[in-house]
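Q: could you look at this predicted model? Sequence included:
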Amino acid sequence: MSIGVLETDQLDRAAGMLKVMAHPIRLAIIDMLGAKEKMNVTEIHQALNIEQAAASHHLNLLKTKGLLDSEREGKNCIYYLKYDRIIQIITCIGKCN
């Protein structure tokens with residue numbers, strides 16, 4: 001089924017991605033990954049001054065909803081943005097206020 005330009009399943013996926021992004025810590029993670037491209041959990045939790053478990057939780061949510069991807073480098077899990085355009089969305093929203 002199509003509603004306007006996007007199909008219903010595309011709208012559902014977009015809504016899920018926007019919902020998971022709608023948290024200050026997750027927005028900060030996306031922003032950092034947009035600037036540094038790849039970071040591990042330790043780098044993220046230290047940069048944000050949050051517990052490592054909290055960083056891991058937020059990273060897992062972002063990855064589950066398809067915003068991030070990861071790869072193993074030794075015993076470290078390295079996270080990166082799955083789509084560079086995510087930064088454009090945040091930038092656009094930031095210009096709306």
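A: Good, I have the coordinates. Computed from a prediction, not measured in an experiment: that's the story for all the values here.
Q: low-confidence ranges in the protein?
A: 1-4 (pLDDT under 70).
Q: got the residue ranges for the helices in it?
A: Along the chain, the segments classed as helices by DSSP state H run 8-21, 24-36, 41-48, 52-64, 85-94.
Q: and of those, who's closest to residue 76?
A: helix 41-48 (7.7 Å; CB to CB). Where C-beta positions appear, they are placed from N, C-alpha and C, glycine not excepted.
Q: touching the closest one from outside, list them.
A: Outside helix 41-48, the residues that touch it by CB atoms under 8 Å, 6 or more residues apart in numbering are 25, 28-29, 32, 36, 39, 51-52, 54-56, 59, 76-77, 79.
Q: CA atoms only for it, dumped as PDB, please.
A: Extracted in PDB, the C-alpha atoms of helix 41-48 (Å, rounded to 0.1, in the frame of the first residue of the first chain):
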ATOM      1  CA  VAL A  41      32.200   1.200  23.200                       C
ATOM      2  CA  THR A  42      35.000   2.400  25.500                       C
ATOM      3  CA  GLU A  43      35.600   5.500  23.400                       C
ATOM      4  CA  ILE A  44      31.900   6.200  23.300                       C
ATOM      5  CA  HIS A  45      31.200   5.800  27.000                       C
ATOM      6  CA  GLN A  46      34.300   7.800  27.900                       C
ATOM      7  CA  ALA A  47      33.400  10.600  25.500                       C
ATOM      8  CA  LEU A  48      29.800  10.800  26.800                       C
END
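Q: could you give the angle of it to helix 24-36?
A: 110 degrees (axes from the mean of the first three to the mean of the last three CA atoms, to 10 degrees).
Q: for residue 86, see how far away residue 41 is.
A: Residue 41 sits 19 Å away from residue 86, going by CB to CB, to the nearest Å.
Q: actually residue 62, sorry about that
A: Counting by CB to CB, the gap from residue 62 to residue 86 is 10 Å.
Q: same thing with residue 17?
A: 8 Å.
Q: returning to that earlier point: shared neighbours, residue 62 and residue 86?
A: Contacts common to residue 62 and residue 86, judged by CB under 8 Å, 6+ apart, are 21, 30.
Q: pick out whichever of the two has more residues nearby.
A: Shown here are residue 62 and residue 86; by other CB atoms under 10 Å, residue 62 has more neighbours (25 against 19).
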